[in-house]
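**Q** What would the 3D arrangement of this be:
(one chain, ligands or ions: 1)
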Amino acid sequence: AGVQKLIPYKAGKPIEELERELGLTQIIKLASNENPLGPSPKAVTAMQAALADLALYPDGSGFHLKQALAAKYGLDASQITLGNGSNEILELVARAFLTPELAVVFSQHAFAVYPLVTQAVGATAIVVPACDYGHDLAAMAAAVTAQTRLVFIANPNNPTGTLLAQAELEAFIAALPETVICVLDEAYFEFVQQAGGGDSIAWLQKYPNLLITRTFSKAYGLAGLRVGYSLSSPELADILNRVRQPFNNNSLALAAAEAALADSEHLHNTISNNSEGMLQLTEGFKALGLAWIPSAGNFVAVDIGREGLPVYDALLHKGVIVRPVANYEMPNFLRISIGTAAENAVFLQALADVLR
Ligand code: PMP
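**A** Sure, this is the predicted structure:
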């Protein structure tokens, strides 16, 4: 029954197809929070080496990648679950823990996959009104009832970029009933500049109902390969491992992710490009008299003061793809992913032309 009411996640057309339709030679895509620098060259080399074993099934336990992640975070490999993107982890959590009798709490303007996975299993979504576009943790805590089995929190959140303070977040998790699993979605945590970003791993020891999700799609530039993971108690990981497909990560993806994890220089360059690009975009917005939501991610939601969809369309015809967020109840906003300096400049010029 839940499936009938699902509104599908809307992905864009292939770029070459758009270029053909619109008669453009080069489209810039600042729409999906991808890494404008691309993946680590070491990841590409590792994939090339892995091509030799394409006839074999991948390592279904993800042994090497889990070992590398465990070493990086000071955890045991039994606390890690690998997913086909962190989206798959979100889906596994819903499949493993929800029934139509149970409810899920998440915020207004939160990531679109939360309602999707909730409805797909027929559970009830309790959407808590946001506070200044961010999570209202007090209201979310108050929304938890005996039926609640899961809470989804994205920190930073997509599409708003809002960031919760670590102390406030920990107090929220500590106060949750033990029967409620808190899914802390940290898809963008590598971009968080504030001291203490990523502290959440230490909480795993204290809260067996905490599950942190992260991904190789954003800062690591491997969105096309689909690798995400969760960090949790071994008990939660064990349950997720039972419901996942045995070979949910392919061998090229496993090899690339492991190599990407070891390339701290590429990650550093990515983060620098992001902070410079964020400044470039927000100064551009200021010059155009536009307001934006301060963002801790690799994207920023800008208030264009009028309906976003026609502006999105006009930008598209100028060769820049951005993300309208009307489906997130933010009709006057566009979400822009940070690009290279050159891409950001082309976008700002196009935006100025369209709004003039
Ligand atoms: N969580 C959030 C908050 C996201 O924005 C995204 C990507 N749009 C994901 C999870 C899923 O990313 P992936 O499946 O590529 O790991």
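**Q** Find the nearest non-adjacent residue to the closest residue to the ligand within the stretch 1-150 of the chain, please.
**A** The ligand sits closest to Gly85 of the stretch 1-150 of the chain, with a gap of 2.7 Å, by CB to the nearest ligand atom. C-beta: built from backbone N, CA, C; applies to glycine. Nearest residue to Gly85, sequence neighbours excluded (CB to CB, 6 or more residues apart in numbering): Arg226, at 4.3 Å.
**Q** Confirm for me that the one you found is in contact with Leu82.
**A** No: contact criterion CB atoms under 8 Å: Arg226 and Leu82 do not qualify, at 10.3 Å.
**Q** Spit out the residues that contact these two alike.
**A** Jointly contacting Arg226 and Leu82 under the rule CB atoms under 8 Å, 6 or more residues apart in numbering are Asn249.
**Q** can you pull out the helices in the stretch 151-300 of the chain?
**A** Using DSSP state H, counting those that start in this stretch, the helices assigned to the stretch 151-300 of the chain run over residues 166-175, 200-203, 234-243, 251-262, 264-287.
**Q** Would you mind finding the most buried of those?
**A** By mean neighbour count, with neighbours taken as mean count of other CB atoms under 10 Å, helix 251-262 ranks first of the helices of the stretch 151-300 of the chain at a mean of 23.
**Q** near the ligand, anything from it?
**A** No: Helix 251-262 lies apart from the ligand when judged by CB under 6 Å from any ligand atom; the minimum separation is 11.0 Å.
**Q** Remind me what that helix packs against, helices and strands.
**A** helix 41-50, helix 63-73 (3 or more CB pairs under 8 Å, 6 or more residues apart in numbering; DSSP states H and E).
**Q** Other residues contacting the last one?
**A** Contacting residues not belonging to helix 63-73 are listed as 75-77, 79-80, 82, 201, 227, 229, 231, 249, 254, 257-258, 261-262 [CB under 8 Å, 6+ apart].
**Q** This protein against the ligand: which residues are in contact?
**A** 33, 85-87, 111, 154, 158, 185, 187, 215, 217, 223, 228.
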